[in-house]
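Q: Have a look at this prediction, sequence included:
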Amino acid sequence: SVTWSSKSSRCVGIVLRIGMGIEFEGRGCCNENGSLDSIAMDSIRATVASPRIPWWMWLNITSIDAVAVGCCWVTVYTVEFCERLPRLFELAIVAVSIWLVYTADRLFDAVKVNASEPQTLRHRFHARHRRMLWLGWISTLSINVALIVGCASEAQLRVGVVAIAAVVAYGASVQLVRPIVRSIPKDVLAGSVFSFGVSVVAWSEYESDELLCLTVANVMAASVFSANCFSIAIWESNFDRAQGFDSLASRIGNPKSELAIWLLTHVAVASVLFLLGLTSWFLFSCIAASAGVLAALMWVAQGTDHRS
């Protein structure tokens with residue numbers, strides 16, 4: 001039989017939802033591939049059927065967790081390549097932009113959700129409140145446009161146009177292109193776009209001799225962001241299969257092992273880049289720490305899976 005300690009599972013569930021963006025309660029358990037087994041799915045169906053959403057899940061359901069992570073990385077890039085802290089309007093523009101992208105992506109996903117199949121709470125929430133959310137989205141977009149026009153520099157506007165084009169291309173690829181045709185998984189696309197988006201300020205002010213280092217930083221950050229998306233996809237693989245959603249986890253036979261190899265390789269490459277002088281100690285520490293936290297969260301989650 002498979003049992004979970006109620007206290008342990010709730011604590012791990014909180015950490016995973018806030019730190020990694022996983023939307024379901026940690027009352028089930030995982031099979032050897034890291035996806036939820038039938039017992040877990042029964043628990044999840046009962047959870048998502050409830051109209052009440054636990055308070056600690058609102059950060060993820062409303063995309064505030066992604067906004068917080070984005071603001072942290074804007075600060076990392078700005079300190080590293082601009083030698084200053086980000087200005088308030090820069091943080092505001094990036095924060096609001098992240099919320100707009102995440103919310104729109106979830107609203108479009110919610111349209112495709114089959115209500116008779118298991119679904120995450122974020123999809124259920126966005127499907128149920130889509131009209132209110134779209135109204136809020138349009139209002140927030142207007143505020144963001146006003147911030148950009150009124151505060152952003154010409155260099156930031158130029159880089160911002162590229163970022164917008166990347167977001168539009170991502171949205172078209174994910175929402176319009178059939179998964180069987182799309183060669184790059186959604187996880188990798190999302191991680192790459194997120195990495196570029198939080199580095200817009202740095203790209204608008206970098207010195208010519210920093211081009212290689214900034215590019216390397218973008219690639220390494222995109223790798224850890226993609227790994228985070230991949231880890232969520234592992235936990236949600238049964239949801240994705242039930243709904244017909246594409247993810248990297250659904251394309252790989254043993255995703256948990258692949259994630260471990262991914263993170264180890266990521267840290268090893270980051271170490272080599274640091275030794276070669278292509279990343280600073282500060283940037284290396286941030287990238288390695290992010291990979292370490294992600295690995296620790298997955299290990300803790302697995303460790304609470306008590307089998308008897």
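A: Thanks, I have it.
Q: use CA for all of it now, contacts and neighbours both
A: OK.
Q: now the strands: where do they sit in the stretch 201-308 of the chain?
A: 306-307 (DSSP state E, counting those that start in this stretch).
Q: where in it is pLDDT low?
A: Scanning the stretch 201-308 of the chain for pLDDT under 70 picks out 237-253, 300-308.
Q: Spell out, range by range, the helices that occur in it.
A: Counting by DSSP state H, counting those that start in this stretch, the stretch 201-308 of the chain has these helices, from start to end: 211-235, 237-243, 255-275, 281-303.
Q: what about the first one, distance to the chain center?
A: What separates the centre of helix 211-235 from the centre of its chain is 10 Å, taken as C-alpha atoms, centre = their mean, to the nearest Å.
Q: Reformat the helices of the stretch 201-308 of the chain as TSV; add mean neighbour count and distance to V101.
A: What follows is those, written out as TSV (neighbours: other C-alpha atoms under 10 Å; distance: least, C-alpha to C-alpha, whole Å):
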stretch	mean neighbour count	distance to V101
helix 211-235	22	15
helix 237-243	19	20
helix 255-275	16	26
helix 281-303	17	22
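Q: Provide the secondary structure category for L85.
A: coil (DSSP: H, G, I helix; E, B strand; the rest coil).
Q: Give me the distance between it and V167.
A: 25 Å (C-alpha to C-alpha, to the nearest Å).
Q: The two: who's more crowded?
A: More neighbours surround V167 than the other of L85 and V167, with 19 against 15 (other C-alpha atoms under 10 Å).
Q: give the contact list for the more buried one.
A: 101, 193 (C-alpha atoms under 8 Å, 6 or more residues apart in numbering).
Q: May I see the helices of the stretch 201-308 of the chain arranged in JSON lines, with distance to V111 as well?
A: Formatted as JSON lines, these follow (distance: least, C-alpha to C-alpha, whole Å):
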{"stretch": "helix 211-235", "distance to V111": "19"}
{"stretch": "helix 237-243", "distance to V111": "11"}
{"stretch": "helix 255-275", "distance to V111": "28"}
{"stretch": "helix 281-303", "distance to V111": "30"}
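Q: right, so of those helices, which gets closest to V79?
A: With C-alpha to C-alpha as the criterion, V79 lies closest to helix 281-303 of these, at 9.5 Å.
Q: Give me the angle between the closest one and helix 211-235.
A: With axes from the mean of the first three to the mean of the last three C-alpha atoms, to 10 degrees defining the directions, helix 281-303 sits at 10 degrees from helix 211-235.
Q: got the contact list for the residue nearest in space to the middle of the chain?
A: Nearest to the geometric centre of the chain sits C229, at 5.1 Å (C-alpha atoms, centre = their mean). Contacts here follow C-alpha under 8 Å, 6+ apart; on that basis C229 touches 187-188, 190-191.
Q: can you put those in CSV and add distance to I261, secondary structure and neighbour count?
A: Formatted as CSV, the contacts of C229 follow (distance: C-alpha to C-alpha, whole Å; DSSP: H, G, I helix; E, B strand; the rest coil; neighbours: other C-alpha atoms under 10 Å):
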residue, distance to I261, secondary structure, neighbour count
D187, 16, helix, 22
V188, 16, helix, 21
A190, 20, helix, 19
G191, 18, helix, 22
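Q: Nearest to R130, out of those residues: which one, please.
A: Nearest member of the contacts of C229 to R130, counting by C-alpha to C-alpha, is A190, at 22.1 Å.
Q: Skipping its backbone neighbours, what lies nearest that closest one in space?
A: S226 (6.8 Å; C-alpha to C-alpha, 6 or more residues apart in numbering).
Q: Test my guess that the one you found contacts D187.
A: Yes. Between S226 and D187 there is a contact at 5.3 Å, judged by C-alpha atoms under 8 Å.
Q: Overlap in contacts, these two.
A: Joint contacts of S226 and D187 (C-alpha under 8 Å, 6+ apart) do not exist.
Q: Please put the alpha-carbon coordinates of whichever strand or helix holds I164 into PDB.
A: Taking DSSP states H and E as the definition, one finds I164 inside helix 154-176. The C-alpha trace of helix 154-176 is given here as PDB (Å, rounded to 0.1, in the frame of the first residue of the first chain):
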ATOM      1  CA  GLU A 154      15.000  54.000 -26.700                       C
ATOM      2  CA  ALA A 155      17.400  51.100 -26.300                       C
ATOM      3  CA  GLN A 156      15.000  49.300 -24.000                       C
ATOM      4  CA  LEU A 157      12.200  49.800 -26.500                       C
ATOM      5  CA  ARG A 158      14.300  48.300 -29.300                       C
ATOM      6  CA  VAL A 159      15.200  45.200 -27.200                       C
ATOM      7  CA  GLY A 160      11.600  45.100 -26.000                       C
ATOM      8  CA  VAL A 161      10.300  44.800 -29.500                       C
ATOM      9  CA  VAL A 162      12.500  41.700 -30.000                       C
ATOM     10  CA  ALA A 163      11.200  40.300 -26.700                       C
ATOM     11  CA  ILE A 164       7.600  40.900 -27.800                       C
ATOM     12  CA  ALA A 165       8.300  39.100 -31.100                       C
ATOM     13  CA  ALA A 166       9.800  36.200 -29.200                       C
ATOM     14  CA  VAL A 167       6.700  36.000 -27.000                       C
ATOM     15  CA  VAL A 168       4.400  36.100 -30.100                       C
ATOM     16  CA  ALA A 169       6.400  33.400 -31.800                       C
ATOM     17  CA  TYR A 170       6.200  31.300 -28.600                       C
ATOM     18  CA  GLY A 171       2.500  31.700 -28.300                       C
ATOM     19  CA  ALA A 172       1.900  30.800 -32.000                       C
ATOM     20  CA  SER A 173       4.100  27.800 -31.700                       C
ATOM     21  CA  VAL A 174       2.500  26.500 -28.500                       C
ATOM     22  CA  GLN A 175      -1.200  27.400 -29.300                       C
ATOM     23  CA  LEU A 176      -1.400  27.000 -33.100                       C
END
